[in-house]
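Visitor: Sequence and predicted structure are below.
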Amino acid sequence: HSANFIHHQFSENDPALLKMMQAVCDEFQPDVVVAVNLKVAYLVSKLRFDGKFWADLKGWAMSKAQIESHKLGDDRLVREFSKMEEAVLKQADAVSCVSESQKFATLGELALLRRLGGETFEKEFVYAIENALEDFEIDKIEKVISEVPRGPSMDNAWSAGTFEQVEEDGLRYFRGDSAFCGANVPSNAFVVLWMGGYSAWVDEETLFRGVEGAMAAIEEREGQDARRKIYFVSTGGISDGHDASNKTFLRFKELIDLSRFKDQFKFLGWVAVRHLPYIYQEADIGLNVDRICLETLTGARNRLCEMIKFKLPVVTTLGTEISYKLAGNGACKGIESGSADGVRDGILELFHNPARRKDYCDKGRKYFDERCSYNRVMKPFVKWIDETPVVERVDGGKGGAAGSARSAASKLSNFISRSANKKS
């Protein structure tokens, strides 16, 4: 489908950014402009074009501004984000949110902007579109052939031995002496996996106390030489320009450095996307710990979708809509937010119960297959595109380079359907 796409790449730091975006709009004459995330939508709100404007505001910016301002002790972000949010909501013809709760928060903002009048009484233009995710080619674990030395056999005791070719599932990323990343996590360790960064809404205190508590419980029960210990393995870390997240991460590391279990916490840093399947394959359970705040109550969690996609049993605090949906379908271990004991007990329950881990794996993947496809979550967008009228041009022509919004909707719907049904 590459012939249907024209890709213009701009730098957000280019002083001529708006002029270049406007030039593209003038040349292309779009029937619809779709802007993904608040900053891009804010730029689009400044452009002049005749088509309709869909703003995808994934995550409520004001809730993010609130928690980050709390972390940093500075309300500058509240002023900055509210300016952008207001500009977008004044201009957008349709808005998508990541949850039903964000949808209602956005409707409240639109009411204050006097956009919920008689004209919009029977018109739906704010939609909840959950995070979507599917299986991709890059997710496959590649088979590799390695030569393993074999010693002399009983039949040929005087030989020097042979080499046998063995098929393995790709590289060993963090387990064993020859681990790719050098983390050297014991091969028999019970690995609790944290994927991604440490956003401002991560509850680092509860996360640490819960994981340390689980490690201590195993030591108390089986002694310091326990046959199988719990290891915490994390990707992510410091991110340029994300001061609140960095503060959360550094506080977490500070707590770990004071723990007698500090050697059982391993940090892999930011890893290549192609390595993620191997990391998921080597983990035993996934973990997500949020503090209760507006961002949690209105937001979503990509890591939860990714974990169930890779059939990893999950322990998560309850707060986000996705956490309640997974727990309600028996697809994860849901625990009370702010409870270190809950985190500890959730980890220990899955440590001791392989059958429960498999149950969460199977039900998590079932939820993913039934609820997370692009084909399902994008239906409101495809319907809106299909119902959007083609712009009548001054020169008598209809539509821009796409020709017809209805035709484009048909192509988009077919493309999404084929992608959803394609086996990877």
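Guide: On my side now, so go ahead.
Visitor: Excluding sequence neighbours, find me the nearest residue to the most centrally placed residue in the chain.
Guide: Per C-alpha atoms, centre = their mean, the C-alpha nearest to the average position across the chain is that of Asn302, at 2.0 Å. For Asn302, ignoring the flanking residues on the chain, the nearest one in space by C-beta to C-beta, 6 or more residues apart in numbering is Asn131 at 5.9 Å. Bear in mind the C-beta positions are built from the backbone N, C-alpha and C, glycine included.
Visitor: And the strands in the stretch 301-424 of the chain?
Guide: Taking DSSP state E, counting those that start in this stretch as the criterion, the stretch 301-424 of the chain carries its strands at 314-317, 333-335.
Visitor: who does the last one pair up with?
Guide: The sheet places strand 333-335 alongside strand 314-317 (parallel), with pairing taken from DSSP bridges.
Visitor: Now the partner strand - C-alpha only, PDB.
Guide: Below are the C-alpha coordinates for strand 314-317, written out as PDB (Å, rounded to 0.1, in the frame of the first residue of the first chain):
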ATOM      1  CA  VAL A 314       0.400  -9.900  35.000                       C
ATOM      2  CA  VAL A 315       0.200  -8.500  38.500                       C
ATOM      3  CA  THR A 316      -1.200  -4.900  38.400                       C
ATOM      4  CA  THR A 317      -2.600  -2.300  40.700                       C
END
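Visitor: If you average the pLDDT over that strand, what comes out?
Guide: When pLDDT is averaged along strand 314-317, the result is 98.
Visitor: same question, stretch 287-294
Guide: Across stretch 287-294, the average pLDDT comes to 97.
Visitor: can you check stretch 187-203 too?
Guide: This predicted structure assigns stretch 187-203 an average pLDDT of 95.
Visitor: again with stretch 300-311
Guide: Mean pLDDT, computed over stretch 300-311, is 95.
Visitor: try stretch 112-132
Guide: Averaging pLDDT along stretch 112-132 gives 92.
Visitor: Ok, stretch 71-81 next?
Guide: This predicted structure assigns stretch 71-81 an average pLDDT of 93.
Visitor: okay, that stretch in CSV with CA atoms only?
Guide: What follows is stretch 71-81, C-alpha atoms only, in CSV (Å, rounded to 0.1, in the frame of the first residue of the first chain):
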residue,chain,number,x,y,z
LYS,A,71,6.4,15.9,41.3
LEU,A,72,8.5,18.9,40.2
GLY,A,73,6.8,21.6,42.4
ASP,A,74,6.2,23.8,39.4
ASP,A,75,2.8,24.5,37.7
ARG,A,76,4.3,25.7,34.4
LEU,A,77,3.1,22.6,32.6
VAL,A,78,-0.5,23.2,33.8
ARG,A,79,-0.5,26.6,32.0
GLU,A,80,1.3,25.2,28.9
PHE,A,81,-1.0,22.2,28.5
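Visitor: Need the contact partners of it.
Guide: Counting by C-beta atoms under 8 Å, 6 or more residues apart in numbering, stretch 71-81 makes contact with 38, 61-62, 64-66, 68-69, 200, 243-244, 247-248, all of which sit outside it.
Visitor: Contacts only, for the residue nearest to the centre of the chain.
Guide: Applying C-beta under 8 Å, 6+ apart to Asn302 gives the contacts 131, 133, 196.
Visitor: Next, format the residues you listed as JSON lines and append distance to Phe368.
Guide: Compiled in JSON lines, these are given as follows (distance: C-beta to C-beta, whole Å):
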{"residue": "Asn131", "distance to Phe368": "11"}
{"residue": "Leu133", "distance to Phe368": "7"}
{"residue": "Gly196", "distance to Phe368": "17"}
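Visitor: Which of the contacts of stretch 71-81 are buried? Put it as a ChimeraX command.
Guide: Per 16 or more other C-beta atoms under 10 Å, the buried members of the contacts of stretch 71-81 correspond to this ChimeraX selection:
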select :38,61,62,64,65,66,68,69,200,244,247,248
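Visitor: want to try a markdown table for the contacts of stretch 71-81, with secondary structure as columns?
Guide: Supplementary listing: the contacts of stretch 71-81 in a markdown table, determined by DSSP: H, G, I helix; E, B strand; the rest coil:
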| residue | secondary structure |
| --- | --- |
| Leu38 | helix |
| Ala61 | helix |
| Met62 | helix |
| Lys64 | helix |
| Ala65 | helix |
| Gln66 | helix |
| Glu68 | helix |
| Ser69 | helix |
| Ala200 | coil |
| Asp243 | helix |
| Ala244 | helix |
| Lys247 | helix |
| Thr248 | helix |
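Visitor: Flag the shaky bits of the chain, pLDDT-wise.
Guide: Along the chain, segments meeting pLDDT under 70 span 1-3, 142-170, 393-424.
Visitor: burial measure for Glu387, as a count.
Guide: Here the count is done by other C-beta atoms under 10 Å, and Glu387 has 10 residues near it.
Visitor: related to what we said a few turns ago, between the contacts of stretch 71-81, which sits nearest Ala216?
Guide: Thr248 (23.1 Å; C-beta to C-beta).
Visitor: contacting residues for the closest residue in space to the closest one that isn't next to it in sequence?
Guide: The shortest distance from Thr248 to any residue other than its chain neighbours is 4.5 Å, reached at Tyr198 (C-beta to C-beta, 6+ apart). Under the criterion of C-beta under 8 Å, 6+ apart, the neighbours of Tyr198 are 204, 236-237, 245, 248-249, 252.
Visitor: between those, which has the most around it?
Guide: The member of the contacts of Tyr198 that has the most neighbours, counting by other C-beta under 10 Å, is Thr248 with 24 neighbours.
Visitor: isn't it right up against Thr206?
Guide: No - the pair Thr248 and Thr206 does not pass the contact test of C-beta atoms under 8 Å, sitting 11.9 Å apart.
Visitor: need the contact list for Cys293.
Guide: Applying C-beta under 8 Å, 6+ apart, the residues near Cys293 are 63, 66-67, 201.
Visitor: returning to what we had before: as TSV, the strands of the stretch 301-424 of the chain with distance to Pro277 and mean neighbour count would be great.
Guide: Formatted as TSV, the entries for the strands of the stretch 301-424 of the chain read as follows, by distance: least, C-beta to C-beta, whole Å; neighbours: other C-beta atoms under 10 Å:
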stretch	distance to Pro277	mean neighbour count
strand 314-317	17	26
strand 333-335	23	23
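Visitor: Thank you, goodbye.
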